[in-house]
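S.K.: Here is the input, now give the coordinates:
(2 chains)
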Amino acid sequence: NAGVTQTPKFRVLKTGQSMTLLCAQDMNHEYMYWYRQDPGMGLRLIHYSVGEGTTAKGEVPDGYNVSRLKKQNFLLGLESAAPSQTSVYFCASRSHTVGEQFFGPGTRLTVL
Amino acid sequence: RKEVEQDPGPFNVPEGATVAFNCTYSNSASQSFFWYRQDCRKEPKLLMSVYSSGNEDGRFTAQLNRASQYISLLIRDSKLSDSATYLCVVNEDTNAGKSTFGDGTTLTVKP
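M.R.: Numbers count the residues shown, from 1 in each chain, chains lettered A, B, ... in the order given. Predicted coordinates for the structure are as follows:
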């Protein structure tokens, strides 16, 4: 039982490049989340999903897209990376009946 | 105004001290509340849920005041290992799915 995993763990991009971050969970959770955390700051919600095939915008959705084609996976895409997107990205999941979120280890992204 | 606001800190306390953190939330329809702990550059982990009647887990006590829309975390007999950032989390209605984190309060416990 791996819990929540994130791929990749580290990435360096050049401005304008695109990439996809993958989050996978094996707990059969309905809800999944993508957050970003900048140095010295709290977590800000980018997008979230309450079920397969559904997504919703969070606090800071601009510049990101997401997809939830399978219940266990939640993908975060950056179409044209900008230096302002340099951050640590955390994925989380939770059951729809229990509020506790389980987090992945994070992806450290640097955009040059 | 942020939806969830915490004491900015940092809090620097000696071992054995009692320290309290507060968190306020703006959405009166919020349904569930949590405290998470985050160690440097690691993922957040659940410390405890916060129930209306208040709850205690060892040296940690959490309280919820719905009328005033704030939650609190009390740590007694602080240990060096309690040094971390404490995050307040507020969930909307369970079925809506949205969660909002506070910016966190950093605690350093010194010998």
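S.K.: I'd guessed B:P8 sits against B:G102; true?
M.R.: No - when contacts are counted by Cβ atoms under 8 Å, B:P8 is not listed as touching B:G102 (9.9 Å). Using the backbone N, CA and C atoms, a C-beta is placed for each residue, glycine as well.
S.K.: Next one: B:Q69 from chain A, what distance?
M.R.: 17 Å (Cβ to the nearest Cβ, to the nearest Å).
S.K.: What is the least confident helix or strand in chain B by mean pLDDT packed up against?
M.R.: Scoring the helices and strands of chain B by mean pLDDT, DSSP states H and E places strand B:99-101 at the bottom, with a mean of 89. The helices and strands touching strand B:99-101, judged by 3 or more Cβ pairs under 8 Å, 6 or more residues apart in numbering or on different chains; DSSP states H and E, are strand A:43-51, strand B:84-91.
S.K.: sorry, back to before: of B:P8 and B:G102, give the one with the bigger neighbour count.
M.R.: In terms of neighbours (other Cβ atoms under 10 Å in any protein chain shown), B:G102 is the more surrounded of B:P8 and B:G102; the figures are 27 against 11.
S.K.: quick one, phi/psi of that one?
M.R.: Dihedral angles of B:G102 (phi, psi; degrees, to the nearest 10) stand at phi -80, psi 170.
S.K.: where does residue 22 land on pLDDT?
M.R.: Because you didn't say which chain, this covers chain A. Predicted confidence (pLDDT) for A:L22: 97.
S.K.: not what I meant, chain B
M.R.: B:N22 carries a pLDDT value of 94.
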